[in-house]
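Novice: Below are the sequence and a predicted model; questions follow.
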2 protein chains.
Amino acid sequence: MIDNPYYSGDVHKDFELISIGRLDLEEGGAIPDLKLAVRTWGTLNANKDNAILIPTWYSGTHQIWADAYIGEDHALDPSRYFIVSVNQIGNGLSTSPHNTDDASISMSRFPKVRIGDDVVAQERLLREHFGIDRLALVVGGSMGAQQTYEWAVRFPEKVRRAAPIAGTAQNTPHDFLFTEALNEQIWSDPGWNGGEYASHTEVADGLTRHANIWAILGFSTEFWKQEVWRALEFESKEAFLDGFLRPYFTAMDPNDLLTMAWKWQRGDVARHTGGDLAAALGRITAKTFVMPIDEDMFFPVRDCAAEQALIPGSELRVIEDVLGHLGLFAVAPTYMPQIDRHLAELLATPA
Amino acid sequence: MIDNPYYSGDVHKDFELISIGRLDLEEGGAIPDLKLAVRTWGTLNANKDNAILIPTWYSGTHQIWADAYIGEDHALDPSRYFIVSVNQIGNGLSTSPHNTDDASISMSRFPKVRIGDDVVAQERLLREHFGIDRLALVVGGSMGAQQTYEWAVRFPEKVRRAAPIAGTAQNTPHDFLFTEALNEQIWSDPGWNGGEYASHTEVADGLTRHANIWAILGFSTEFWKQEVWRALEFESKEAFLDGFLRPYFTAMDPNDLLTMAWKWQRGDVARHTGGDLAAALGRITAKTFVMPIDEDMFFPVRDCAAEQALIPGSELRVIEDVLGHLGLFAVAPTYMPQIDRHLAELLATPA
């Protein structure tokens, strides 16, 4: 167990740790006492039909949703909906390699977790802790989109609407290799020491290189060409990297990132249908808006559109954002209005 | 000086090492005795107006041009043209960190070389050694395209036609960061040892990671999605990486790659015009076909098209190739017919 201020300090506020007990994992092994970090907004209505679930993305937590996506001025409006954001297993807030006090699964001993494990855990949490059997909407970005798809395929009767943003139902081979390259930056740092470091700061070099790979695929070529970082009040691309992207990742725990990455690489709803993606996506009964970002370098629109075409009654809603995948940070002033417009329309659709 | 069989064995045939004497460099310093590795095909005619120059790309040599681009069945036809391919400085065949016997510039002491230095050296070679004052065509891919642009801007009266393939006249910030990420894979390998290794095999880990970064930007997302490597007779993407891309790069010299990378990162014809790219490209009098590859992840068509729009009388000729940038290897059966069609048309254009 490592004390890392990024996860324990003022960065992440107002969440509750809820134990859901033992979680047996798809790959074998178990998390003996899984604690999920949960943030809620609003009130569950009497019919229990106004609940929205938000799973989190790689390196992310519920906090970005709190800061940018949720509010009375947004489609995700706590005055109308009971919104639950559940931090994914291994993200540093929920049970993770660096924060568990169970020595049998800490650090390098943390078991392999799959997207399906998260969704099973979330379903149990919602049912047992909140008494929620059906969701008005599941919405998530990137790995949150993977979990959204998993929900819609695994529990079709429980998901009325789905909005996967900038992510796929079946991870692509390019994405696998991209994620592996991210991992290699950590593995290759001698300070990582097979996962048995004393502080994440010992892996600062690897985490910095990891951030540098994000720089070239997380943002679009056009983000750099247009020097969009100037709008974020940086004076050079180096200042932007040193002042934003590198500190963002070097604050995090390497084993936590690796746990999420392993999961990301293997996201695949076709595991439910013997590898038949069309059959898996054909199960979806949720009204689904598939929302790729036009400049995304690793979840390109065409990959998302090909999946959307397999989902009954779904619609493709492309988000325009020169930032590319990391447009998910919602820093472009034109980003949230698009998200809100599509989510509001989706929520207004009978389902 | 290191013996590396990749550069000295049967891999690279039929070239001549030609000394052009001392080359003073734009960044200061000099290469006291620059030897250029040169391969020629065909015969210079009496008017000396049938010469074609081919500079080389990052990690490449004249050999790929010999194997795929040049022949009587191609536009680059040795029965009609005198074709000269000059290996770029630092590519492992021309004077390079690993192969120079001049201890003052060997290994970590090799000076910084710019695209302009290569072009100045090539101009001297052509004039003094071959008596060539004017070129029917300069054609190159990637860093070869950078050199092609440099030729057309620096020596407009000497270049009748220009065909930059999959490269830019002014390197983009995204490309800079991509190349830096490639470099970091080498720098972070303890075996690199500040450039003072005894064998490139000591840097095998870094070179492997370097290859893995190429995998995610050198090829397109669609190359991986469509499993195009199957057409190359591999059984899995891992087999393709282990059987092709990783051996390709791990055979090379790390310092040589770093020398080329530094040059690539700083390619910019606007150095001739105080930073004014439009003014620089406006100098070009060569009939120019700008030939980006549609699936290129780091020299995207729009970057090339923006430059093409600034070149008087030029044309944009987009090459379709699902491989992306590494389509330059000419493995797709549809690739060379496109290259040949455009180059034949360009060569047939009075200039």
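Specialist: Received the coordinates, thanks.
Novice: And the residue nearest the centre of chain A, how close does it get to chain B?
Specialist: Closest to where the C-alpha atoms of chain A average out (C-alpha atoms, centre = their mean) is A:Trp57, at 1.5 Å. Between A:Trp57 and chain B the computed distance is 19 Å (C-beta to the nearest C-beta, to the nearest Å). C-beta: built from backbone N, CA, C; applies to glycine.
Novice: Any part of the strand or helix carrying A:Ile213 near chain B?
Specialist: Assigned by DSSP states H and E, A:Ile213 belongs to helix A:204-217. Yes. Interface with chain B: helix A:204-217 contributes A:Asp205, A:Arg209, A:Asn212, A:Ile213, A:Ala215, A:Ile216, A:Leu217 (C-beta under 8 Å from any C-beta of the partner chain).
Novice: which residues in chain A form strands?
Specialist: Remark: strands assigned in chain A by DSSP state E are A:16-19, A:23-24, A:30-31, A:35-41, A:51-55, A:82-86, A:137-141, A:161-165, A:287-290, A:315-316.
Novice: quick one on the thing from earlier: buried set for the helix holding A:Ile213?
Specialist: By neighbour count on 16 or more other C-beta atoms under 10 Å in any protein chain shown, the buried set for helix A:204-217 is A:204-217.
Novice: of all these, which two lie farthest apart?
Specialist: Greatest spatial distance in the buried residues of helix A:204-217: A:Ala204 and A:Leu217, 21.1 Å, computed using C-beta to C-beta.
Novice: which secondary element of chain A has the worst mean pLDDT?
Specialist: Least confident element among the helices and strands of chain A, by mean pLDDT, DSSP states H and E: helix A:5-8 (a mean of 91).
Novice: mind listing what A:Phe155 touches?
Specialist: Contacts for A:Phe155 (C-beta atoms under 8 Å, 6 or more residues apart in numbering or on different chains) come out as A:Val119, A:Glu123.
Novice: what does the model give it for pLDDT?
Specialist: Looking at A:Phe155, its pLDDT is 98.
Novice: Take the strands of chain A and write them to CSV, including mean pLDDT.
Specialist: As requested, the strands of chain A are exported to CSV (pLDDT from 0 to 100):
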stretch, mean pLDDT
strand A:16-19, 97
strand A:23-24, 98
strand A:30-31, 98
strand A:35-41, 98
strand A:51-55, 99
strand A:82-86, 98
strand A:137-141, 98
strand A:161-165, 99
strand A:287-290, 98
strand A:315-316, 98
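Novice: Mean neighbour count and distance to A:Arg341 added to those strands, as CSV?
Specialist: Converted to CSV, the strands of chain A look like this (neighbours: other C-beta atoms under 10 Å in any protein chain shown; distance: least, C-beta to C-beta, whole Å):
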stretch, mean neighbour count, distance to A:Arg341
strand A:16-19, 13, 31
strand A:23-24, 16, 37
strand A:30-31, 20, 39
strand A:35-41, 22, 20
strand A:51-55, 27, 17
strand A:82-86, 25, 18
strand A:137-141, 29, 14
strand A:161-165, 27, 12
strand A:287-290, 25, 11
strand A:315-316, 16, 13
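Novice: Can you say which of those is nearest to chain B?
Specialist: Nearest of the strands of chain A to chain B, taken as C-beta to the nearest C-beta: strand A:287-290 at 16.7 Å.
Novice: coming back round to it: got CSV for the strands of chain A, with distance to A:Asp118 too?
Specialist: What follows is the strands of chain A, written out as CSV (distance: least, C-beta to C-beta, whole Å):
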stretch, distance to A:Asp118
strand A:16-19, 14
strand A:23-24, 9
strand A:30-31, 11
strand A:35-41, 9
strand A:51-55, 7
strand A:82-86, 8
strand A:137-141, 10
strand A:161-165, 14
strand A:287-290, 19
strand A:315-316, 25
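Novice: just to revisit the earlier point, closest one to B:Tyr69 out of the residues of helix A:204-217 next to chain B, please.
Specialist: Distance to B:Tyr69, by C-beta to C-beta, is smallest for A:Ile216 among the residues of helix A:204-217 next to chain B, at 28.8 Å.
Novice: so how far is A:Pro292 from the nearest residue to A:Asp296 once chain neighbours are set aside?
Specialist: Spatial nearest neighbour of A:Asp296, excluding adjacent residues (C-beta to C-beta, 6 or more residues apart in numbering or on different chains): A:His325 at 4.6 Å. Distance of A:His325 to A:Pro292, given as C-beta to C-beta, to the nearest Å: 10 Å.
Novice: joint contacts of these two?
Specialist: Common neighbours of A:His325 and A:Pro292 (criterion: C-beta under 8 Å, 6+ apart): A:Ala166, A:Phe299.
Novice: While we're on the nearest residue to A:Ala75 once chain neighbours are set aside, how confident is the model there?
Specialist: Of all residues not flanking A:Ala75 in the chain, A:Leu343 sits nearest, at 3.7 Å (C-beta to C-beta, 6+ apart). Looking at A:Leu343, its pLDDT is 98.
Novice: mind checking how far the spatially closest residue to A:Lys287 that is not a sequence neighbour is from A:Asp49?
Specialist: Counting by C-beta to C-beta, 6+ apart, A:Ala351 is the residue found nearest to A:Lys287 once chain neighbours are left out, at 4.2 Å. From A:Ala351 over to A:Asp49 the distance is 11 Å, taken as C-beta to C-beta.
Novice: tell me which parts of the stretch 151-300 of chain A are close to chain B?
Specialist: By C-beta under 8 Å from any C-beta, the residues of the stretch 151-300 of chain A that approach chain B are A:172-174, A:177-178, A:180-181, A:184, A:188-190, A:205, A:209, A:212-213, A:215-217, A:219-225, A:227, A:237, A:297-298, A:300.
Novice: ok, now with 7 Å
Specialist: Within the stretch 151-300 of chain A, the positions near chain B by C-beta under 7 Å from any C-beta of the partner chain are A:172-174, A:177-178, A:180-181, A:184, A:188, A:205, A:209, A:212-213, A:215-217, A:221, A:224-225, A:237, A:298, A:300.
Novice: Tell me who's in contact with the closest residue in space to A:Gly324 that isn't next to it in sequence.
Specialist: Spatial nearest neighbour of A:Gly324, excluding adjacent residues (C-beta to C-beta, 6+ apart): A:Ser220 at 3.5 Å. With contact taken as C-beta atoms under 7 Å, 6 or more residues apart in numbering or on different chains, A:Ser220 is in contact with A:Glu295, A:Met297, A:Val322, A:Leu323, A:Gly324.
Novice: which residues are in contact with stretch A:49-56?
Specialist: By C-beta under 7 Å, 6+ apart, the list of residues contacting stretch A:49-56 reads A:44, A:62, A:65, A:76, A:80-88, A:91, A:118, A:122, A:126, A:132, A:134-140, A:144, A:147-148.
Novice: Let's see that with 6 Å instead.
Specialist: Residues outside stretch A:49-56 that contact it (C-beta atoms under 6 Å, 6 or more residues apart in numbering or on different chains): A:65, A:81-88, A:91, A:132, A:135-140, A:144, A:147.
Novice: Give me the pLDDT for A:Gly9.
Specialist: On pLDDT, A:Gly9 comes in at 68.
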